[in-house]
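Participant: Sharing a sequence plus its predicted fold:
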There are 2 protein chains.
Amino acid sequence: MFSQTEENYIKAIYALSVQTGKAVSTNLIAEKMDTKASSVTDMIKKLSDKKLVNYKKYQGVSLTKMGQKTALSIIRKHRLWEVFLVDKLDFSWDEVHDIAEQLEHIQSEKLIDKLDEHLGFPSFDPHGDPIPNKEGKFKERKKILLCELPIRTEGVCVGVKDSSSQFLKFLDKNKIALGDKITIVDREKFDSSMHLKVGERAVHISQKIASNLYLKLI
Amino acid sequence: MFSQTEENYIKAIYALSVQTGKAVSTNLIAEKMDTKASSVTDMIKKLSDKKLVNYKKYQGVSLTKMGQKTALSIIRKHRLWEVFLVDKLDFSWDEVHDIAEQLEHIQSEKLIDKLDEHLGFPSFDPHGDPIPNKEGKFKERKKILLCELPIRTEGVCVGVKDSSSQFLKFLDKNKIALGDKITIVDREKFDSSMHLKVGERAVHISQKIASNLYLKLI
DNA sequence: AATTATTTTTAGACTAATCTAAATTTTAAA
DNA sequence: TTTAAAATTTAGATTAGTCTAAAAATAATT
Ligand SMILES: [Mn+2]
Ligand SMILES: [Mn+2]
Ligand SMILES: [Mn+2]
Ligand SMILES: [Mn+2]
């Protein structure tokens, strides 16, 4: 159907579109895809010819209905494969992204539906991100960043904003995982770092960590 | 490491090399890969530069040690994925080849080793073909074609020579599967067709079927 | 409003993989 | 052992995706 390259562009445009809420600029795509603006312009034209994006010169791009459908299908595949790798093959959550980047391009509707079933129709991937269903529908969880949690209020860790291997390994080292109950015991005025209670354990984390952990209130 | 295209050429050269037992000709590769001889020549040069094949102009090609290692690694991946699709995702044996053609190109040593473990280190794929281990070693089963089986001698079905969807579906329809005990009850002189006993059932098959089913003696 | 600065697009070139058509080499036949 | 046929390689072109450098359009500053 579409080439891997086209699919990767579609996915990038989708992510940037959701992130910024407006038409996506050439330079932004170029940065995200680690390529040059001129290459992006070329690809945009191709995607536009294929009715995947709306494009007027110099005005940025947005996904068409069909582009969105395509993006969600790729994201669904990516996240289901991540669940597979963690749940069935016992990978840790910091190892799965790169492999899923490859697996997401395998073309077989039946494969992904069978995989979905095999995994028990999961709603979230190992990083807490929602998995679109066959129709592209998914429920975004009501969640807040840890740094926005009121003091002495309990929350449950449900996701990460930054899902880089670096950050995930840091969380592992500090024994912070999805499902953990977290309370802010105290904030340091000086550097906005926080003293937490994770389960029964006391943990001290920086502002940067706090602004990359998602919690849900209970 | 290598492109999908390069990997597919390597795999084709390996198969033809095993099949014919001699240096593989440009035309043979072209036919197998459904491409033109000139394209094959170009690719052979590239593979030769990369030390994957031995090549002297007009003399055909053979795989180097490294080429063989590469081929076996791809075949290992292909067959393990086929086992996964059948054993874990409940695909039937005639549906898995095309999907495995894609999955075999996923690059991750760890993935394939974990998959191998998850599947219980299988020795044969759903079509009865042997699966090379991490070192590329595999045991070829001693097997004969059904058409070579002496009359009234019992054998166990262990593989197919033709693994096309057409043939596999035919076997399903006639309830012939790997593991079944088969005896030739009688041969028809006229068309070399055979009256079999498959388990307790009587089945009549053509010469063509008989020359595409592998049995082991017991 | 005119001038910079930035962003985006175009022009031209490159690589990987493919093709057709022509040239060359090898093999088979006369 | 010439000649004809078949196989193989080369030459030149094409497409997808990329790049650099230059041109054009938009945005930001005087
Ligand atoms: Mn990708
Ligand atoms: Mn994820
Ligand atoms: Mn392949
Ligand atoms: Mn097989």
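Facilitator: On my side now, so go ahead. Ligands and ions are numbered 1, 2, ... in the order given.

Participant: in chain A, which spans are helices?
Facilitator: For chain A, the helices defined by DSSP state H cover A:4-20, A:26-33, A:37-49, A:65-87, A:96-103, A:109-118, A:165-173, A:207-210.

Participant: could you dump those to TSV with mean neighbour count?
Facilitator: (Glycine included, C-beta is placed from N, CA and C.) Converted to TSV, the helices of chain A look like this (neighbours: other C-beta atoms under 10 Å in any protein chain shown):
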stretch	mean neighbour count
helix A:4-20	18
helix A:26-33	17
helix A:37-49	16
helix A:65-87	21
helix A:96-103	19
helix A:109-118	16
helix A:165-173	15
helix A:207-210	17
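
Participant: Now tabulate those helices in JSON lines and tack on distance to ligand 4 and mean pLDDT.
Facilitator: Converted to JSON lines, those look like this (distance: least, C-beta to the ion, whole Å; pLDDT from 0 to 100):
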{"stretch": "helix A:4-20", "distance to ligand 4": "25", "mean pLDDT": "98"}
{"stretch": "helix A:26-33", "distance to ligand 4": "36", "mean pLDDT": "98"}
{"stretch": "helix A:37-49", "distance to ligand 4": "36", "mean pLDDT": "98"}
{"stretch": "helix A:65-87", "distance to ligand 4": "21", "mean pLDDT": "98"}
{"stretch": "helix A:96-103", "distance to ligand 4": "20", "mean pLDDT": "98"}
{"stretch": "helix A:109-118", "distance to ligand 4": "16", "mean pLDDT": "98"}
{"stretch": "helix A:165-173", "distance to ligand 4": "34", "mean pLDDT": "97"}
{"stretch": "helix A:207-210", "distance to ligand 4": "48", "mean pLDDT": "97"}
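
Participant: show me the contacts for the spatially most central residue of chain A.
Facilitator: Centre of chain A computed as the mean C-alpha position; nearest residue by C-alpha atoms, centre = their mean is A:Asp129, 5.5 Å away. Applying C-beta atoms under 8 Å, 6 or more residues apart in numbering or on different chains, we find A:Asp129 in contact with A:79, A:159, A:163.

Participant: Check A:Leu115 too.
Facilitator: Contacts for A:Leu115 (C-beta under 8 Å, 6+ apart) come out as A:80-81, A:84, B:89.

Participant: Return stretch A:83-97 as PDB; C-alpha atoms alone will do.
Facilitator: As requested, C-alpha coordinates have been extracted for stretch A:83-97 and formatted as PDB (Å, rounded to 0.1, in the frame of the first residue of the first chain):
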ATOM      1  CA  VAL A  83       2.800  -5.100  24.100                       C
ATOM      2  CA  PHE A  84       3.700  -8.400  22.500                       C
ATOM      3  CA  LEU A  85       7.400  -7.900  23.100                       C
ATOM      4  CA  VAL A  86       6.900  -7.000  26.700                       C
ATOM      5  CA  ASP A  87       4.100  -9.400  27.700                       C
ATOM      6  CA  LYS A  88       5.000 -12.400  25.600                       C
ATOM      7  CA  LEU A  89       8.800 -12.200  24.900                       C
ATOM      8  CA  ASP A  90       9.700 -10.600  28.200                       C
ATOM      9  CA  PHE A  91      11.400  -7.500  26.900                       C
ATOM     10  CA  SER A  92      11.700  -4.500  29.200                       C
ATOM     11  CA  TRP A  93       9.800  -1.400  28.300                       C
ATOM     12  CA  ASP A  94      13.000   0.500  27.300                       C
ATOM     13  CA  GLU A  95      14.000  -2.000  24.600                       C
ATOM     14  CA  VAL A  96      10.800  -2.300  22.500                       C
ATOM     15  CA  HIS A  97      10.400   1.000  20.700                       C
END
